[in-house]
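**Student:** okay, predicted coordinates and the sequence, questions at the end:
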Amino acid sequence: MSAENGGQTAIWLDEDIQAFLGYLAEHKAQAGDNGNFKIVTFCNAAIFMQDYSTQGVPKTAESCKNKYQSVCSFHSF
């Protein structure tokens, strides 16, 4: 947890995750052959998510990267 946000974490609702994954799907060409995105993609995703996040602190590049890794490990992409 970051001191910047008072120890609060980003909250990912189902709608947030769908919007986030939709963004990544639209930018899949930015992922390497191994399916990993560079940090710049997660920075841009965090900016994109500002319009979709309704609860919790704003999503950051780090929280977007963590969510992507979590979803990938859960779904075994």
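**Tutor:** Cool, the structure landed.
**Student:** show me the shaky parts of this structure.
**Tutor:** 1-7, 75-77 (pLDDT under 70).
**Student:** quick one: residues in contact with the longest helix seen in the chain.
**Tutor:** Criterion DSSP state H: the longest helix present in the chain is helix 61-75. By Cβ atoms under 8 Å, 6 or more residues apart in numbering, the list of residues contacting helix 61-75 from outside reads 9-10, 12, 17, 20-21, 24, 35, 37, 39, 42-43, 45-46, 49, 59, 77. All C-beta spots, glycine's among them, are computed from the backbone N, C-alpha and C.
**Student:** list buried residues within the residues you listed.
**Tutor:** By neighbour count, with 16 or more other Cβ atoms under 10 Å, those hold Ala10, Trp12, Phe20, Leu24, Phe37, Phe42, Ala45, Ala46, Met49, Lys59 as buried.
**Student:** format those residues as CSV; extra columns: secondary structure and distance to Tyr68.
**Tutor:** Shown next, in CSV, are the buried ones among the contacts of helix 61-75 (DSSP: H, G, I helix; E, B strand; the rest coil; distance: Cβ to Cβ, whole Å):
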residue, secondary structure, distance to Tyr68
Ala10, strand, 13
Trp12, coil, 11
Phe20, helix, 8
Leu24, helix, 7
Phe37, coil, 7
Phe42, helix, 7
Ala45, helix, 8
Ala46, helix, 11
Met49, helix, 12
Lys59, coil, 11
